[in-house]
Structures are given as C-alpha cells and as structure tokens.
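Q: got a predicted structure here, sequence first:
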Amino acid sequence: MELSSIVRKFIMALSGLFLIIFLITHLVINSLTLSADKELFNVAAHFMATNPVIYLMQYVLALGFILHIGMGIKLTIQNKKARPQNYVYNQSSKNADVSSRSMIISGGLVLVFLCLHLRDYFYQIKFVGLPEGTTDYDLVVNLFSNPIYTAVYVISFIVLGLHLNHGFKSAFQSVGANHKKYNPTIQLVGTAYSIFVSLGFSTIAIFHFINQYPFK
C-alpha cells in the first residue's frame with residue numbers, strides 16, 4: 001500500500017532524530033582520541049564492537065539511514081511533481097534558506113561521504129582486519145595525516161551541518177512539535193547543534209592532521 005506524504009515525513013523525522021542522537025554519541029567517542037591516553041579510545045571502540053546491545057543497534061542504525069535516505073528521495077520527487085518548476089525556480093529563494101533548499105543535494109553529498117567513511121573504518125575493521133600492531137586509535141588518527149582526506153572530511157561535516165540545520169527543525173515539526181511559541185527555540189537549538197557537530201568533528205580531524213607534522 002502506498003504510504004501518504006504525511007506518513008513518509010513522520011518516518012523520515014523519526015529516523016532523522018535517531019541519527020541526530022547517534023551523531024552526538026559518535027562525536028563523544030571520537031573526542032576520546034584527543035586524550036593523552038590513547039587507550040581510552042581503544043577501550044571505547046572495543047566496547048562498541050563487542051557489546052551485544054550496541055552490536056544490535058548498528059543494524060537499527062543502518063535501517064534508520066536507509067529509511068531516511070529513501071523517504072528523502074521519495075518526498076523530493078513528490079514535491080517536484082506537485083509544484084510547477086518555474087514557480088519553484090522563481091520563489092524558492094524567497095521562501096526558504098540555503099540549508100532547506102539544498103537538502104537533497106547536501107543529503108546526497110553526505111551519503112557519498114558515508115560510503116567512503118564506512119569503507120575506511122567499518123569495512124576495514126569488520127572484514128579486512130587491522131594490520132599487525134595497529135590499534136583502532138592508529139587507524140582513525142593515521143587517516144588524518146593525509147591532507148586530501150582531512151579536507152574532504154572537514155568539508156563533508158560542514159555540508160552535514162547545513163543538512164542538520166534545516167533537518168533538526170523539520171523533524172520536530174513532522175512529529176507534531178510545531179508551535180509559534182516554541183519554533184524559535186527549536187530553530188536556535190537546531191542551529192547550535194549543527195554547528196556543534198560540524199565544529200566538533202572538524203576540530204578533531206584538524207587537530208590530528210596538525211599533530212602529525214611532518215605529514216606523510
């Protein structure tokens with residue numbers, strides 16, 4: 001049975017909120033690489049890889065990504081069919097900010113980065129295995145010795161920040177939290193969150209890049 005647009009938006013919002021929580025968890029764990037004690041990150045990474053609840057949640061997370069991407073593409077197609085192209089072209093800049101107008105583009109770029117990210121970390125650890133004498137910390141940090149990789153990483157999280165800036169508010173609206181009294185607060189929190197996540201991940205990458213001079 002064909003899902004209504006409202007149901008799709010609701011599912012997309014719930015999956016988006018779930019991914020928002022995941023990003024904070026991921027950022028907290030990655031921030032452990034900034035500690036002088038390298039084993040802190042290794043212990044956390046080992047716990048995430050071996051804990052049965054966390055192991056199960058990775059499949060829930062994957063489902064969340066699939067639902068969010070699928071619903072996003074479907075809603076974009078529906079919206080384009082529902083509105084004349086010339087109206088969108090002429091009026092979109094007046095009715096929406098940059099982050100909202102570029103959601104499908106920023107989402108697509110984030111998806112490309114996610115695939116590369118999974119290849120470099122998840123696939124390497126789960127299916128290839130780490131080289132002898134290499135820890136999870138070494139794998140993460142050594143990638144940031146590459147200036148191209150670091151630049152792509154930072155740019156990707158800036159794009160993700162734009163995506164989150166609009167997505168945060170839209171997610172709350174789609175689940176019914178839409179009131180003129182609270183919308184400005186939700187928007188403010190969403191903007192602060194998107195900046196915090198983008199700046200947090202980018203800072204970690206730049207720190208390790210600079211810390212490994214001379215670069216490889």
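A: Arrived safely. Residues are numbered from 1 along each chain as shown.

Q: contacts and neighbour counts: CA atoms only from here.
A: Will do.

Q: what ranges do the helices span in the chain?
A: For the chain, helices defined by DSSP state H occupy the ranges 5-31, 39-50, 52-82, 85-95, 98-101, 103-118, 136-143, 147-174, 183-211.

Q: deepest-packed of those helices, please.
A: Most buried of the helices of the chain by mean neighbour count (mean count of other CA atoms under 10 Å) is helix 147-174; its value is a mean of 20.

Q: how far out from the middle of the chain is that helix?
A: Put simply, helix 147-174 sits 6 Å off its chain's centre (CA atoms, centre = their mean, to the nearest Å).

Q: okay, now the unreliable bits of this structure?
A: Residues of the chain meeting the criterion pLDDT under 70: 1-10, 12, 75, 79, 82-104, 174-179, 213-216.

Q: coming back round to it: turn the helices of the chain into CSV, columns for distance to residue 124.
A: Conversion of the helices of the chain to CSV gives the following (distance: least, CA to CA, whole Å):
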stretch, distance to residue 124
helix 5-31, 17
helix 39-50, 13
helix 52-82, 16
helix 85-95, 42
helix 98-101, 33
helix 103-118, 8
helix 136-143, 9
helix 147-174, 16
helix 183-211, 19
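
Q: nearest to residue 126, of the ones you listed?
A: helix 39-50 (9.2 Å; CA to CA).

Q: now that closest one and helix 136-143, what's the angle there?
A: Interaxial angle of helix 39-50 relative to helix 136-143 (axes from the mean of the first three to the mean of the last three CA atoms, to 10 degrees): 110 degrees.

Q: got the angle for helix 39-50 vs helix 52-82?
A: Using the same axes, to 10 degrees, helix 39-50 lies at 80 degrees relative to helix 52-82.

Q: now the angle from helix 39-50 to helix 5-31?
A: Here helix 39-50 runs at 140 degrees with respect to helix 5-31, directions being taken by the same axes, to 10 degrees.

Q: same for helix 39-50, what does it pack against?
A: Here helix 39-50 touches helix 5-31, helix 52-82, helix 136-143, going by 3 or more CA pairs under 8 Å, 6 or more residues apart in numbering; DSSP states H and E.

Q: for residue 195, which of the ones you listed is the nearest?
A: helix 5-31 (12.1 Å).

Q: chain center to that closest one: distance?
A: Going by CA atoms, centre = their mean, where helix 5-31 is centred and where its chain is centred differ by 8 Å.

Q: check which helices and strands it sits against.
A: Of the remaining helices and strands, those touching helix 5-31 by 3+ CA pairs under 8 Å, 6+ apart are helix 39-50, helix 52-82, helix 147-174, helix 183-211.
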